[in-house]
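Asks: the sequence and its predicted three-dimensional model are supplied below.
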Amino acid sequence: MTPNIIEASLLATLERAINTALRHDAATQHQLAQYSGRLLQFELSFPARALFVLIVEDGVELYHSSEATADVTVSGSPVDIAAQLLGWQRAEQLIGGPLRIRGDQTLLQDISTIAKQLDLDWGGLLAPLLGNEIAQQVHHTGKQLFSWLRDAGERLLHQGSDYLRHESELLPSKRALKGFACDVEELEMATERLASRIAQLQEQDTP
Amino acid sequence: MTDKRTTHFGYQEVPVEEKSQHVAGVFRSVAPKYDLMNDLMSMGIHRVWKRLTIELAGVRPGQHVLDLAGGTGDLAIKFSRQVGDNGKVVLADINEAMLAVGRDRLVDAGCAHNTEVVQVNAEHLPFADNSFDCITIAFGLRNVTDQMAALKSMLRVLKPGGRLLILEFSKPVHRPLAKLYDIYSFSVLPRLGRAVAGDAESYQYLAESIRMHPDQDTLKNMMTEAGFGRSEYYNMTGGIVALHRGFKL
């Protein structure tokens, strides 16, 4: 591994953001601390990177590499992994890809449940900067804004998926894709049979 | 006439046996605000340098790690969490004031169960041969009087296959960066030290000691000479800092 200071800085920033969020949601932090010492590995398909999440007493530590064996390994795209962890509703076939999960699936389920419960206290976070009253206003507005953005995002993905699959037919339906995969498999088997037959005939033809 | 051996303490020449006392004085003075000053001086980048050190250390659960010149315990806390309940981390420093801060931080971080805090001289490590899987020394080697003796001592206590990681200020590889770095080190740093820690001299020493420290290739050769195999280094932030790694083969 060659050290990359930009990637390390990004990871440090992400770790800091997660831990700051956890510090402002004591219930979630306490629940997560019960899994202290457990290691999760995420193998991202794009960008092709590994991400290790070590759960510690006061939050998480993120690394690009680890010599330890992870308790659970999840492989897939960042969007699919985030959707799995945070319970986003995905538009099937549009962004949904297969997630490969190896190891302790119960642990992943538990962490996913905890992540979905994370209720960020924007008020507490911003109170030292803005004062209590303004911070509470920001907290409520922020919650509404995030809720709206999440709903809007899900609607956009669903409607985009419907348009691409049904109206413009740029993407195949799940059924059409399965049929195509079956045809490819059948063609592959037929080709193999033909190759074997030709080889057999050549053997017979040789004196 | 007495023939007194001398060594450098920043740009000053001092008797060999006095350097450790001078260094101790510096760190006793800066200990209470060491972390804050590190954040200010490096603009927080020292955390990224240390993060990369931890990743390259490749520590596994159950292993034994020695964090030399570990000061306030930044690395030791992370290693403690990586080695788990079956591993052990020794936080070691020559300076009792730094160790006191480090010990408190380890306890506060819930790492007391698998850590030990030991006051040691890196040139004469008080551990049995082949004791550790990994040794780290971050921003500490340049303060050691006899660096070769320290490297040999580290090699002795490493297990075969174990690795040493040295994170230390080094020589910038780009000339314009070197100029800027000089201005920062000798103009900004002492003023920052005076303003925050009330101690300009200690931060003047910091800048001087960095200039007197061996450059990347010299340190790599010293590691090889001390007996480390597969020695290599990685420049960070244009060579302002270098991470050296070597193995006991």
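Replies: Happy to help now that I have it.
Asks: so for residue B:47, what's the pLDDT?
Replies: At residue B:47, the pLDDT value in this model is 88.
Asks: which ones are touching residue B:147?
Replies: Residue B:147 makes contact with B:141, B:214, B:222, according to Cβ atoms under 8 Å, 6 or more residues apart in numbering or on different chains. Placement of C-beta: from N, CA and C, glycine included.
Asks: restricting to C-alpha, output the helix or strand bottoming out on mean pLDDT in chain B in CSV.
Replies: Ranked by mean pLDDT, DSSP states H and E, the weakest helix or strand in chain B is helix B:16-30, scoring a mean of 71. Extracted C-alpha coordinates of helix B:16-30, given in CSV (Å, rounded to 0.1, in the frame of the first residue of the first chain):
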residue,chain,number,x,y,z
VAL,B,16,26.4,14.4,24.7
GLU,B,17,25.2,13.6,28.3
GLU,B,18,23.3,16.9,28.5
LYS,B,19,21.2,16.6,25.4
SER,B,20,18.5,14.4,27.0
GLN,B,21,18.1,16.9,29.8
HIS,B,22,17.7,19.8,27.4
VAL,B,23,15.1,17.8,25.3
ALA,B,24,13.3,16.8,28.6
GLY,B,25,13.1,20.5,29.5
VAL,B,26,11.5,21.3,26.1
PHE,B,27,8.9,18.6,26.4
ARG,B,28,8.2,19.3,30.0
SER,B,29,7.4,22.9,28.9
VAL,B,30,5.2,22.0,26.0
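Asks: for the helix or strand just after that helix, which outside residues touch it?
Replies: Using DSSP states H and E, the next helix or strand after helix B:16-30 towards the C-terminus is helix B:34-42. The contact list for helix B:34-42 (Cβ under 8 Å, 6+ apart) reads B:27, B:30, B:46-47, B:49, B:71-72, B:74, B:98, B:101, B:189, B:192-193, B:196-197, B:203.
Asks: of those, select the buried ones using a PyMOL command.
Replies: Selection of buried members from these for PyMOL, criterion 16 or more other Cβ atoms under 10 Å in any protein chain shown:
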select buried, chain B and resi 27+30+46+47+49+71+72+74+98+101+189+192+193+197+203
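Asks: just the ones of the contacts of helix B:34-42 in helices?
Replies: Mapping the contacts of helix B:34-42 onto helices (DSSP state H) picks out B:27, B:30, B:46, B:47, B:49, B:74, B:98, B:101, B:189, B:192, B:203.
Asks: next, format the residues you listed as CSV and append distance to residue A:130.
Replies: As requested, those are exported to CSV (distance: Cβ to Cβ, whole Å):
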residue, distance to residue A:130
B:27, 39
B:30, 34
B:46, 30
B:47, 27
B:49, 33
B:74, 31
B:98, 37
B:101, 33
B:189, 34
B:192, 29
B:203, 35
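Asks: now residue B:58: how far from residue B:161?
Replies: 11 Å (Cβ to Cβ, to the nearest Å).
Asks: so for those two, which residue has more residues nearby?
Replies: Per other Cβ atoms under 10 Å in any protein chain shown, whichever of residue B:58 and residue B:161 has more neighbours is residue B:58, with 18 against 10.
Asks: tell me the pLDDT of that one.
Replies: If you check residue B:58, the pLDDT there is 90.
Asks: for the one 10 residues further on, same thing?
Replies: Looking at residue B:68, its pLDDT is 96.
Asks: identify the residue nearest it in space, chain neighbours excluded?
Replies: Among residues not flanking residue B:68 along the chain, residue B:137 sits closest, at 4.2 Å (Cβ to Cβ, 6 or more residues apart in numbering or on different chains).
Asks: re the thing from before, which of the contacts of helix B:34-42 are close to chain A?
Replies: Counting by Cβ under 8 Å from any Cβ of the partner chain, the subset of those that neighbours chain A consists of B:47, B:49.
Asks: list just the nearest of the contacts of helix B:34-42 to chain A.
Replies: residue B:47 (6.1 Å; Cβ to the nearest Cβ).
Asks: any idea whether the nearest residue to that closest one once chain neighbours are set aside is helix, strand or coil?
Replies: Nearest residue to residue B:47, sequence neighbours excluded (Cβ to Cβ, 6+ apart): residue A:12, at 6.1 Å. Reduced to three states with DSSP: H, G, I helix; E, B strand; the rest coil, the structure at residue A:12 is helix.
Asks: where are the low-confidence patches of chain B?
Replies: Across chain B, the ranges flagged by pLDDT under 70 are B:1-4, B:29-32.
Asks: and chain A, what are its domains?
Replies: What the record gives for chain A is the domain set A:5-120, A:172-205, from automatic domain parsing.
Asks: and which of the contacts of residue B:147 is nearest residue B:236?
Replies: Proximity of those to residue B:236 (Cβ to Cβ) peaks at residue B:141, which lies at 15.6 Å.
Asks: where does chain B come near chain A, residue by residue?
Replies: Close to chain A, as judged by Cβ under 8 Å from any Cβ, chain B has residues B:45, B:47-49, B:51-52, B:54-56, B:58-61, B:78, B:81-82, B:84-85, B:109-110, B:234, B:236-237, B:243.
Asks: filter these down to just the ones in strands.
Replies: Among the residues of chain B next to chain A, the ones falling in strands (DSSP state E) are B:234, B:236, B:243.
Asks: any idea how far the last one lies from residue B:113?
Replies: Put plainly, it is residue B:243. 29 Å.
Asks: those two: who's more crowded?
Replies: Neighbours per residue (other Cβ under 10 Å) separate residue B:243 from residue B:113, with residue B:243 holding more: 24 against 10.
Asks: these two touch, right, that one and residue B:57?
Replies: No - contact criterion Cβ atoms under 8 Å: residue B:243 and residue B:57 do not qualify, at 9.9 Å.
Asks: what is in contact with these two at once?
Replies: Counting by Cβ under 8 Å, 6+ apart, the residues touching both residue B:243 and residue B:57 are residue B:165.
Asks: close to chain B: what parts of chain A are there?
Replies: Contacts of chain A with chain B, taken as Cβ under 8 Å from any Cβ, map to A:1-3, A:5, A:8-9, A:11-12, A:37, A:54, A:56-58, A:61, A:63-68.
Asks: starting at the chain centroid, how far to the longest strand along chain B?
Replies: Longest strand in chain B, counting residues (DSSP E): strand B:158-169. Here strand B:158-169 shows a centroid-to-chain-centroid distance of 12 Å under the convention Cα atoms, centre = their mean, to the nearest Å.
Asks: so which bits of it are buried?
Replies: Buried-residue list, strand B:158-169, by 16+ other Cβ under 10 Å: B:158, B:162, B:163, B:164, B:165, B:166, B:167, B:168, B:169.
Asks: which two from the ones in helices among the contacts of helix B:34-42 end up farthest apart in space?
Replies: Across the ones in helices among the contacts of helix B:34-42, the longest distance by Cβ to Cβ is 21.1 Å; it joins B:101 and B:189.
Asks: the residue positioned nearest the centre of chain A and chain B, how far apart?
Replies: Residue closest to the average C-alpha location in chain A (Cα atoms, centre = their mean): residue A:81, at 1.0 Å. Noted for residue A:81: a distance of 21 Å to chain B, by Cβ to the nearest Cβ, to the nearest Å.
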